[in-house]
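Engineer: structure of the sequence below:
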Amino acid sequence: MKYYHELFRAEFHLLKDYVGEAIAISKKTSIFMIPNVGRGLNWVAWYNIPFQRDVLARAYRQKGEIDKAIDWYEKHIIIDPKTTDRRLIPPKYHYKLAVLYEEKGRKNKAIAQYEKFLELWKDADPGIAEVDDAKARLKRQQCEKI
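Structural biologist: Numbering: from 1, shown residues only. Purely as a prediction, here's the structure:
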């Protein structure tokens with residue numbers, strides 16, 4: 001429960017624009033170990049809640065530290081065998097990373113992440129803002145590349 005408490009505390013601080021506090025709390029918040037599946041699938045579900053846990057990356061972006069936000073997302077769109085973190089990877093992380101790459105002028109990397117996001121959400125319901133935005137941004141990036 002301490003993990004969830006600290007995560008939501010960081011979210012609250014970010015919402016109130018106390019970015020420094022949100023970063024400090026997020027840096028100290030450590031993930032709990034992967035649950036033993038033998039204890040039941042409830043634990044696996046709890047392990048992946050909340051699904052979006054990128055408060056530190058969003059705090060870095062809000063503070064203007066885009067490179068740190070990019071580093072965070074780059075580390076969290078893969079499963080690193082050297083760590084114990086085996087959470088599901090939210091597809092929106094690819095979208096958020098693409099937007100950051102675009103802000104930094106890294107067109108090829110932005111295109112790759114938009115394509116990955118759109119592939120993962122190819123069957124999404126119409127009208128989802130991130131999907132529509134990713135399609136428009138991808139088209140714009142591809143046109144500028146020519």
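Engineer: show me the shaky parts of the chain.
Structural biologist: Scanning the chain for pLDDT under 70 picks out 31-42, 145-146.
Engineer: next up, the contacts around the residue nearest the centre of it.
Structural biologist: Geometric centre of the chain, nearest residue: Tyr93, 3.5 Å, by Cα atoms, centre = their mean. Neighbouring residues of Tyr93 by Cβ atoms under 8 Å, 6 or more residues apart in numbering: Asp54, Tyr73, His76, Ile77. From N, CA and C alone the C-beta is placed, and that goes for glycine too.
Engineer: could you find the closest non-adjacent residue to the last one?
Structural biologist: In space, Ile77 comes closest to Tyr93 once its chain neighbours are excluded; the distance is 5.2 Å by Cβ to Cβ, 6 or more residues apart in numbering.
Engineer: which is the next helix or strand following the helix or strand encompassing the one you found?
Structural biologist: Using DSSP states H and E, the element containing Tyr93 is helix 92-103. Remark: after helix 92-103, the chain's next helix or strand is helix 107-120, criterion DSSP H and E.
Engineer: for that next one, buried residues please.
Structural biologist: Neighbour counts over helix 107-120 (16 or more other Cβ atoms under 10 Å) mark Lys109, Ala110, Ile111, Gln113, Tyr114, Glu115, Lys116, Phe117, Leu118 as buried.
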